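A.B. asks: What shape does this take:
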Amino acid sequence: MSPTKRKSNPVKGKTKPAARRKIYTEKHVYLFLLITCLVQTGFLFTLLLVQMSLQIPDIGTVAKYQPAQATLIYDRRGDLVDRVFVENRTVVPLTKMSPYLAKAFVAAEDGRFFEHPGLDFFSVLRAAIINVKNGEKSQGGSTITQQVAKSLLLSPEKTYVRKFKEAILAWRIDKVLTKDEILFIYLNQIYLGEGTHGVEAAAQLYFGKSAAALSLGECALLAGLPQAPSRYSLFDHLDRAVERQKYVLNRMAADGYVSGGEARRAFDKKIELKNEGTTRSDDNGYYLQIVKKRARELLHVPLQTAGLKIYTCLDSRMQKSGAKAVRTGVVASKIRQERSGNKVGEELQGALVCVETATGKVRAVVGGTSFRQTPFDRATLARRPVGSTFKPFVYAAALTSGWSPQSIIEDSPVSITGSDGRRWQPKNYSGKYHGKTTLENALVHSLNAASVRLMQATGFKTVHRIAAGAGITAKLPPDLSLALGSADVSLLEMTSAYTAFAGNGTVSAPDFIEKIVFPDGSVRVIADSNKKNRVLTEEVNARMREMLRGVVTRGTGKKVRDVTGVSGGKTGTSNDNRDAWFIGYDNRYTTGVWVGFDHNHSMGAGESGGATAAPIWRDFMLHGGVN
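C.D. replies: Numbers count the residues shown, from 1 in each chain. Here you go, the predicted model:
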């Protein structure tokens, strides 16, 4: 009988070896797959990190921060009159900023700036939560360092890829630069509305002062702008800007930068903003146009980005008075002609130049009635027939050749042949002739026939030498018509040439720029008052001054004789009353005035140098701060 087989009675819960092997194998597979995925993910992330790192710009440009800077133009008193820029920025060191300024921006924009390594993870987390709630990327959580990276090295779009690059750059920048160096870049780079970049340009625009002179309240106002410059515009939305200022001051107090009392007093202080558009005036336009052109010719650099400080010879007060005098005089002439029934559709124009006699420094240039409407500069670019204002050079040539003011010259009808071969007979403006008369009387009363005879006796070469020595570069007609001012010369050249008579017989080339200061602090002096050219001997010049004094006391220029200190001058009127001139001087300044139409129309009967240009000269000399 075979024995009965005993059935096994396995212990409850005990797994067979085969089953155990199966479970272990599955765990290993899952673990292997998990590790593989993690490794692959890490590898891919590393590749992505490497790839993005390769695409990230070099931070060397940040360390060598040299942004485009505005060129600043100042008048003779050191007042800012214009800015030339692509980005309105003037870089200044932290030492030339108010001690409150950096603290205000840190409190407003990045409270943990001095603690974090370029990234503030708490701010990033907060921004991420807000973005999720809003369903859009409206919050950046950017630190000041990240803003520097974004401004200098990255494009402005809001994407996660750009934020990742921004974070890497900020971390790198924080490792390379000190906190003060980062603040220096940030405060000079940040956009603060109204086209201003950096705190210096903003301080000048909004408050009319340097960043170093800003008060606590003003610093808080500026620090409130970066979040939304348009929304918190000091000019357009001052109420919002003040609310933002309050927030910044509270943050500064909370962070220990100022006391609560200081914050309250700063908030309560009245805000005094500089009026918009007061920096640049239309009255200065013609002068500034010349300055910019000459600076470019001297330096061959783009003024918009060069960061220069150009100190000019411009006297803003005289410039303003000159512009007003020209406008007033032109209107008066138009009224006279309209009353007489002579109406011309074209706008009558005028120009004025004032030169400091002893130095040649040009203090005012008015090239027309309005720079914005007609920027063409009639004072320096237009060349017009100068009429009788050229006669003093003929008489100076005669005195140089041995004549005296009391020498006799014949003033009677004369017939001459011009350079075109045609004969013509010059007539005196009054239509009367004086017969035998002295040179002095002929100049005082601007006798044409006598002046032609005098030039005929003196010779063209002598006259040309005197005129050229005085700085007249225009082509002079080689015939006797020159005695009556047939030459086309600019008002600037004629006025500068008259400084020979106003001074002691010497002329200094006209200067518009005193000096130029470069961003590195080096200075190039431009104006040179020692650069004089002797035109007339002191004896001849003294005689000329006496003759020209007679013009304004009893001759064609007597309308200006009530001007205090007036020493001499000469009127000029071209054919058919197309151009009216007056150039005169006192003991300090030589000033020239021209009036006429751009298209060379007649101004009408009675519009002459004495009637039209001289009153403008008188108005300027009486009210222009000259006397």
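
A.B. asks: can you tell me which residues contact Val199?
C.D. replies: Val92, Met97, Leu101, Leu187, Asn188, Ile190, Leu192, Ala211, Leu214, Leu222 (CB atoms under 8 Å, 6 or more residues apart in numbering). For the C-beta atoms, the positions are set from N, CA and C on the backbone; glycine is no exception.

A.B. asks: ok now do Glu493, which residues does it touch?
C.D. replies: Neighbouring residues of Glu493 by CB under 8 Å, 6+ apart: Gly471, Ile472, Thr473, Ala474.

A.B. asks: What's the local residue count around the first one?
C.D. replies: Here the neighbour count serves as a burial measure; for Gly471 (other CB atoms under 10 Å) it reads 22.

A.B. asks: isn't it right up against Lys531?
C.D. replies: No. The pair Gly471 and Lys531 fails to qualify as a contact (CB atoms under 8 Å) at a distance of 11.6 Å.

A.B. asks: Would you mark the buried spots in stretch 204-215?
C.D. replies: Under the neighbour-count criterion of 16 or more other CB atoms under 10 Å, stretch 204-215 has Gln204, Leu205, Tyr206, Phe207, Ser210, Ala211, Leu214, Ser215 buried.

A.B. asks: per-domain residue ranges of this structure.
C.D. replies: Domain assignment for the chain by automatic domain parsing gives 97-268, 313-382+490-514+526-627, 385-487.

A.B. asks: ok, and which of the ones you listed has the densest surroundings?
C.D. replies: The highest mean neighbour count among those, using mean count of other CB atoms under 10 Å, belongs to domain 313-382+490-514+526-627: a mean of 21.

A.B. asks: Low-confidence bits of the stretch 201-350 of the chain, can you list those?
C.D. replies: 275-281, 344-345 (pLDDT under 70).

A.B. asks: Distance check, the nearest residue to Ala509 once chain neighbours are set aside against Glu410.
C.D. replies: Excluding the flanking residues, the one nearest Ala509 by CB to CB, 6 or more residues apart in numbering is Gly360, at 5.7 Å. Note on Gly360: its distance to Glu410, by CB to CB, to the nearest Å, is 38 Å.

A.B. asks: And for Ser401?
C.D. replies: Between Ser401 and Glu410 the computed distance is 17 Å (CB to CB).

A.B. asks: again with Val39
C.D. replies: For Val39, the distance to Glu410 - CB to CB - is 115 Å.

A.B. asks: likewise Lys334?
C.D. replies: Here Lys334 is placed at a distance of 40 Å from Glu410 (CB to CB).

A.B. asks: Not including adjacent chain positions, what is the nearest residue to Thr400?
C.D. replies: Going by CB to CB, 6+ apart, Thr400 has Val540 as its nearest residue, at 5.6 Å.

A.B. asks: Alpha carbons of stretch 164-180, in CSV - could you do that?
C.D. replies: Taking C-alpha atoms only, stretch 164-180 is exported to CSV below (Å, rounded to 0.1, in the frame of the first residue of the first chain):
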residue,chain,number,x,y,z
PHE,A,164,15.4,82.8,-17.7
LYS,A,165,18.1,84.6,-19.5
GLU,A,166,17.5,87.7,-17.4
ALA,A,167,18.0,85.6,-14.2
ILE,A,168,21.3,84.1,-15.4
LEU,A,169,22.6,87.5,-16.5
ALA,A,170,21.5,89.1,-13.2
TRP,A,171,23.3,86.4,-11.2
ARG,A,172,26.5,86.9,-13.3
ILE,A,173,26.3,90.7,-13.0
ASP,A,174,26.0,90.5,-9.3
LYS,A,175,29.2,88.3,-9.2
VAL,A,176,31.2,90.7,-11.3
LEU,A,177,30.0,94.2,-10.1
THR,A,178,29.6,95.7,-6.7
LYS,A,179,26.2,96.8,-5.5
ASP,A,180,27.2,100.5,-5.9
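
A.B. asks: before we move on, back to that, ok, now which ones touch the residue nearest to Ala509?
C.D. replies: Contacts for Gly360 were tallied using CB under 8 Å, 6+ apart; they are Ser496, Thr499, Val507, Ser508, Ala509, Pro510, Asp511, Ala527, Ser529, Lys531.

A.B. asks: is it true that Phe184 touches Met97?
C.D. replies: No. Between Phe184 and Met97 there is no contact under CB under 8 Å: 9.1 Å.

A.B. asks: Throw the domains of the chain into CSV and include distance to Val301, thanks.
C.D. replies: Putting the domains of the chain into CSV (distance: least, CB to CB, whole Å) gives the following:
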stretch, distance to Val301
domain 97-268, 19
domain 313-382+490-514+526-627, 14
domain 385-487, 27
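
A.B. asks: Which one of those lies nearest to Gln304?
C.D. replies: Set against Gln304 and scored by CB to CB, these come closest in domain 97-268, at 12.6 Å.

A.B. asks: circling back: the domains of the chain: which one's closest to Ala68?
C.D. replies: When the domains of the chain are compared by CB to CB, domain 97-268 sits nearest Ala68, at 8.6 Å.

A.B. asks: where's Tyr100, which helix or strand?
C.D. replies: helix 99-109 (DSSP states H and E).

A.B. asks: And Arg336, by the same measure?
C.D. replies: Using DSSP H and E, Arg336 sits in helix 316-339.

A.B. asks: after that helix comes which helix or strand?
C.D. replies: strand 349-356.

A.B. asks: and that following strand, what does it pack onto?
C.D. replies: Secondary-structure packing of strand 349-356 (3 or more CB pairs under 8 Å, 6 or more residues apart in numbering; DSSP states H and E): helix 316-339, strand 362-366, helix 491-502, strand 589-596, helix 614-623.

A.B. asks: go again using 10 Å as the cut-off
C.D. replies: Helices and strands touching strand 349-356, by 3 or more CB pairs under 10 Å, 6 or more residues apart in numbering; DSSP states H and E, are helix 285-299, helix 316-339, strand 362-366, helix 491-502, strand 506-508, strand 579-585, strand 589-596, helix 614-623.
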